[in-house]
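Colleague: Got a sequence here, can you model it:
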Amino acid sequence: MNLTKVFSAYAPVTFVLFLLNTLVFVFEQYILKTYDHAALESIVIQYGINVQNISNIFVWFSSAFMHAGFIHYIFNMLALIYFGKQIELTYNTQKTGLGSLYILVTYLFGILLSAAGTIAYIYLTHDYSVVVIGASGAIFAIFAFYEIIMRKNFSGFLIFFLVYHFLMIYVLGINVAWYAHLGGSLAVVVAYFIFFQKQN
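Modeller: Numbering: from 1, shown residues only. All right, here's what the predicted structure looks like:
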């Protein structure tokens, strides 16, 4: 599917997820411009995953619709639109007709497993300073679905995952939540072996 068609086509669930992320991002920017960084940080602490609210399931989901700046937001949304639309449109029109359901379930379970990955990281490392926000765990779940289930390219996904995080952490020095990305990805790996492997 060519790039123009992907970005111009309408995929309802992908659009709703994009809209929700965008509305929350606009709200964050409103808080930042109307008040100050301290006000925004207070909201991040309240609705992002951290040791203070780690057992609050609502926070697992609220954290996944917040972003730490424009670059964080835009890269996640471009990935959501590009990969999410292709999955939703392909399975809606050519295969099972369940593309919209696949995207919704993948996104939600990606959120849950990325939260689980974050919680495991906090308790295993005793790093109680961690505060995690962002859709990246769910986005990695969608990307994993695209590569592993749709394209049957497990090795390609694994190589990308390892190279991406090596470059981000050790070359560029960017502190990415690899444990959340891993959790989101594992949601799809498990789904593949339970539901999709027999279809290959």
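
Colleague: can you tell me which helix or strand the residue positioned nearest the centre of the chain belongs to?
Modeller: Residue closest to the mean C-alpha point of the chain, counted by Cα atoms, centre = their mean, is residue 138 at 2.4 Å. In this structure, residue 138 is located in helix 136-144 according to DSSP states H and E.

Colleague: so what secondary structure elements neighbour the helix or strand that that helix is followed by?
Modeller: Sequence-wise, the next helix or strand downstream of helix 136-144 (DSSP H and E) is helix 154-166. Applying 3 or more Cβ pairs under 8 Å, 6 or more residues apart in numbering; DSSP states H and E, we find helix 154-166 packed against helix 136-144, helix 178-191. Bear in mind the C-beta positions are built from the backbone N, C-alpha and C, glycine included.

Colleague: pLDDT of the lengthiest helix in the chain, averaged?
Modeller: Taking DSSP state H as the criterion, the chain has its longest helix at helix 99-125. For helix 99-125, the mean pLDDT works out to 93.

Colleague: where are the low-confidence patches of the chain?
Modeller: Confidence mapping of the chain against pLDDT under 70 gives the ranges 1-7, 95-96, 197-200.

Colleague: just to revisit the earlier point, flag every buried residue along the helix holding residue 138.
Modeller: Residues 136, 137, 138, 139, 140, 141, 142, 143, 144 are the ones in helix 136-144 that count as buried (16 or more other Cβ atoms under 10 Å).

Colleague: In contact with the last one, which residues?
Modeller: With contacts taken as Cβ atoms under 8 Å, 6 or more residues apart in numbering, residue 144 has the following neighbours: 157, 184, 185, 187, 188, 189.

Colleague: farthest pair in these?
Modeller: Across those, the longest distance by Cβ to Cβ is 13.1 Å; it joins 157 and 187.

Colleague: More neighbours: which of these two?
Modeller: Here residue 157 and residue 187 are compared on neighbour count by other Cβ atoms under 10 Å; more neighbours surround residue 187, at 27 against 20.

Colleague: Go ahead and confirm the more buried one touches residue 113.
Modeller: Yes. Using Cβ atoms under 8 Å, residue 187 makes contact with residue 113 at a distance of 4.0 Å.

Colleague: Could you tell me which residues touch both of those two?
Modeller: Joint contacts of residue 187 and residue 113 (Cβ under 8 Å, 6+ apart) are residue 141.
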